[in-house]
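Peer 1: could you look at this predicted model? Sequence included:
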Amino acid sequence: MNRRQLGLGAATAALASAVGLSAQAQTRDPGAVAFYDSFNDRLARLPATLQPDVRAFYEMNGWRPVWNEPRRRALVAAGAQAERHGLSRDDFFGSLDRYSGDPAGLEMATTAAALTYARVLAEGRVRPETVEDLWEMQKNRADLPVGLNDALAGDRLVEWLEALAPTDIGYSNLSAGYVRYRRLIRENGGWPAFRIGANIEPGDSDPRVPILIQRLVAEGDLDAAEGARLAAMGDVYGPELQAGVRSFQTRHGLAADARIGTGTQRSLSASAEDRARQIALNLERRRWLKRDVAPERIEVNTAAAIMVYWKDARPVHSTRVVVGTARNQTPSLEKQFASVVANPPWYVPASIARNEILPRGPGYLASQNMYISNGQVIQRAGPNAALGYVKFELRDSYAIFLHDTPTKSAFNLAMRQRSHGCVRVQDAVEFARLLLSPSPDLLGQFDEAQATRETKRIQTGREITVRLLYWTAFVDGQGRVAFREDVYSRDEKLAEALGIAVSLPRPVDDGHGRDADDVGP
């Protein structure tokens, strides 16, 4: 017998011995024997993606049943918290009742339900790459079989499951918002439907005013006492009600002008059920992400076109941005911030050059301070250059970066999805100075380059993470759920993947489309 045959023989003997001992140990418990004998057949009936976790869990437990009545009660208690996460308890635990009289089946089904629920809390229900064309962020990962085993052994199943979901304030506040909307639906049926019709101007009388008041009270844009007082005044759209509408418009990213035009009416027409489901979609997006985030980071919400700079784990600066159009979407990326370029030239991407610049002829190139070198269109740095006075470079970012812009008027629009995909930053030069301010030397280099209009790359001296996110529902600084319309149709795709029926208002462009002369990235 050669060494390989000897090794195989020893391994086979050891396996047979282990199986024999395990079976012998289980003969004292007929239920354990039944479970052990049917394990592989029952495992094969589970989803293929779940089978490795279930097998690993029972391998740790000697292939024996683990669920007793106290542990099942703890799991039921954990499942009762599913609504906090925009989930339905019945989707995970609703089928366990059908295993009455089948202890082995109930055992396996309970483990499968616990691990499935844990996976959704820890990592989300769908893979983000299947619902977004480009999604490159750090995913959350958890060793669920080990975690479940330890949680059961330590009698802390509920605590373990709840800790799998994000625990940051953004998720927690949005979770609380979801619970409030669900309660509103259960107790009051949501709010009355607002009928879209003619515009309502300040000072008008309109039969929809009583419905409008109820709508604003339901979400907290008017308090109940004020709403009752205004309702008693009839159909007049007066100053106090206009203040409530401005609050609503601000919360929905609309122009806060108190005019109830097409965009505001579309947002008012959304049902409480649809808004609750939109919150659930955004809770799912947050579960995809790695829990540990850099204490210093730049976060851009592309749905809201807002940027927030975090320093020492606190938001210290917020501003408006312009992001990609629905056709040229800004992707979901997480990249390191590499350097600042003062007075950057623009190396025009081939698609923009081919479709929007070269057809206009050499006269247009000359007027825009552009030239062609080795087949590439390049725009020289200058006051009218598309990148403005500063560019923030990201590593390996598919030519997506943050930059200044000479087109300042777009920052005043409510709908700011109008670039080719890059992120234009309001007051970008001052933001660059804020980032460089920890180092007087680096800040001095930047200020000198701005004074001389020299093109200069300046390293930041530290790693800063940039995260491009898509949140269409989030909690604002006043603790209210803020909504943005689904400009990129990503809510629609995610809802379809999750099997959720949702009907959200279509966005209204307040800027009359993209400026044909704005060819910047």
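Peer 2: Ah, there it is.

Peer 1: which residues touch the spatially most central residue of the chain?
Peer 2: In the chain, the centroid-proximal residue (Cα atoms, centre = their mean) is R285; its distance is 3.8 Å. Contacts of R285 were listed using Cβ atoms under 8 Å, 6 or more residues apart in numbering, and they are G124, P128, L469, Y470, W471, L494. C-betas here are computed from N, CA, C, even on glycine.

Peer 1: again with T472
Peer 2: With Cβ under 8 Å, 6+ apart, T472 has these contacts: Q278, L281, N282, A303, F483, R484, E485, D486, R490, D491.

Peer 1: before we move on, what about K311?
Peer 2: K311 neighbours (Cβ under 8 Å, 6+ apart): P295, E296.

Peer 1: in what helix or strand does M233 lie?
Peer 2: Using DSSP states H and E, M233 falls within no helix or strand.

Peer 1: next: I298.
Peer 2: Here I298 is assigned to strand 297-301, by DSSP H and E.

Peer 1: what's the burial count for Q138?
Peer 2: Using other Cβ atoms under 10 Å, Q138 is surrounded by 14 other residues.

Peer 1: excluding sequence neighbours, find me the nearest residue to it.
Peer 2: In space, Q138 comes closest to K290 once its chain neighbours are excluded; the distance is 4.0 Å by Cβ to Cβ, 6 or more residues apart in numbering.

Peer 1: next one: S318
Peer 2: Nearest non-adjacent residue to S318 (Cβ to Cβ, 6+ apart): V308, at 4.9 Å.

Peer 1: go through the helix or strand harbouring A276 and flag the buried ones.
Peer 2: Using DSSP H and E, A276 sits in helix 272-287. Within helix 272-287, the residues scored as buried using 16 or more other Cβ atoms under 10 Å are 272-287.

Peer 1: thinking again about what came up before, show me which of the contacts of R285 is closest to H252.
Peer 2: W471 (13.5 Å; Cβ to Cβ).

Peer 1: the closest residue to the closest one other than its chain neighbours pairs with what?
Peer 2: Of all residues not flanking W471 in the chain, N301 sits nearest, at 4.9 Å (Cβ to Cβ, 6+ apart). Applying DSSP bridges to N301 gives these bridge partners: I306, L469.

Peer 1: related to what we said a few turns ago, of the contacts of R285, which is the most crowded?
Peer 2: In these, the most neighbours by other Cβ under 10 Å go to L494, 27 neighbours.

Peer 1: so where's the stretch 101-250 of the chain uncertain?
Peer 2: Residues of the stretch 101-250 of the chain meeting the criterion pLDDT under 70: none.

Peer 1: residues contacting the residue lying closest to E123 once chain neighbours are set aside?
Peer 2: The shortest distance from E123 to any non-neighbouring residue, by Cβ to Cβ, 6+ apart, is to N140 (5.4 Å). Contact analysis of N140 by Cβ under 8 Å, 6+ apart lists A122, E123, R287, W288, L289, K290, R291.

Peer 1: need the residues you listed in JSON lines (columns: distance to N355).
Peer 2: Below are the contacts of N140 laid out as JSON lines (distance: Cβ to Cβ, whole Å):
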{"residue": "A122", "distance to N355": "43"}
{"residue": "E123", "distance to N355": "39"}
{"residue": "R287", "distance to N355": "38"}
{"residue": "W288", "distance to N355": "33"}
{"residue": "L289", "distance to N355": "34"}
{"residue": "K290", "distance to N355": "37"}
{"residue": "R291", "distance to N355": "42"}
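
Peer 1: closest to V425 out of these?
Peer 2: L289 (22.7 Å).

Peer 1: run a quick neighbour tally on that closest one.
Peer 2: By the criterion of other Cβ under 10 Å, L289 has 22 neighbours.

Peer 1: list the contacts for it?
Peer 2: M137, Q138, K139, N140, P166.

Peer 1: beta partners of it?
Peer 2: Beta-bridge partners of L289, as defined by DSSP bridges: K139.

Peer 1: past the lowest-mean-pLDDT helix or strand in the chain, which element shows up next along the chain?
Peer 2: Lowest mean confidence among the helices and strands of the chain (mean pLDDT, DSSP states H and E): helix 3-26, at a mean of 42. Elements were assigned by DSSP H and E; along the chain past helix 3-26, the next helix or strand is helix 30-44.

Peer 1: tell me the buried residues in that next one?
Peer 2: Buried-residue list, helix 30-44, by 16+ other Cβ under 10 Å: A32, V33, A34, F35, Y36, F39, R42, L43.

Peer 1: now that helix: how far from the chain's centre is it?
Peer 2: 41 Å (Cα atoms, centre = their mean, to the nearest Å).

Peer 1: what does stretch 300-307 give?
Peer 2: Per Cα atoms, centre = their mean, the centroid offset for stretch 300-307 relative to its chain is 11 Å.

Peer 1: what lies in contact with that stretch?
Peer 2: Contacts for stretch 300-307 (Cβ under 8 Å, 6+ apart): 253, 298-299, 308, 318-324, 329-330, 332, 402, 415-417, 423, 425, 466-472, 474, 482, 484, 486-488.

Peer 1: what do you get for stretch 483-502?
Peer 2: Contacts for stretch 483-502 (Cβ under 8 Å, 6+ apart): 125-126, 130-132, 251-253, 266-267, 270, 274-275, 277-278, 280-281, 284-285, 301-304, 326, 329, 415, 417, 470-473, 504-507.

Peer 1: who touches stretch 197-208?
Peer 2: Outside stretch 197-208, the residues that reach it (Cβ under 8 Å, 6+ apart) are 194-195, 209, 212, 234-239, 242, 258-262, 265.
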